[in-house]
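Undergrad: Everything below, folded, please.
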Amino acid sequence: MVSAEITKELLCFSATVFYGVIAAICYHLLLYFRAVFHHRTAVTDAEDILFLAAAGFCFFLTVYEHNDGILRWYTFAGAALGCLAYMRTLGTALEPVRKRLLQKHRKTGKIKAK
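TA: Predicted coordinates for the structure are as follows:
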């Protein structure tokens, strides 16, 4: 039978994988927002900084909740694995949908084509 400590670490790993998927989805939405509403480079940089700060804070909260704030290699690996899994599966599958939505916005004149 699996010990309680290993179960706790597996739950922490699962939580960080799920966190990685959520973070990748949020960034994908941010990229779509940028494509629809063009703005200056300084604003884009500020968005990136705010996103990374919020993502880091949420990652810390996830690790703190599940592993008492102890950073271990598998917490980082879990978040990276979640991001990668999203990008290789659902993120890739949603790319044609994103392109169609952007074309629709361009046809209505709401955004400019690059």
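Undergrad: use CA for all of it now, contacts and neighbours both
TA: OK.
Undergrad: Now for the protein: which helix has the highest residue count?
TA: helix 4-36 (DSSP state H).
Undergrad: Flag every buried residue along it.
TA: For helix 4-36, a neighbour-count test (16 or more other Cα atoms under 10 Å) marks 9, 12-25, 27-28, 30, 35-36 as buried.
Undergrad: got the contact list for the nearest residue to residue 11 once chain neighbours are set aside?
TA: Excluding the flanking residues, the one nearest residue 11 by Cα to Cα, 6 or more residues apart in numbering is residue 66, at 7.4 Å. Shown in contact with residue 66 (Cα atoms under 8 Å, 6 or more residues apart in numbering): 8, 11-12, 15.
Undergrad: any idea which helix or strand carries residue 66?
TA: helix 41-67 (DSSP states H and E).
Undergrad: Give me the contacts around the helix or strand that that helix is followed by.
TA: Downstream of helix 41-67, the next assigned helix or strand under DSSP H and E is helix 73-88. Contacts to helix 73-88, defined as Cα under 8 Å, 6+ apart, come from residues 12-25, 63.
Undergrad: Good, we can wrap up now.
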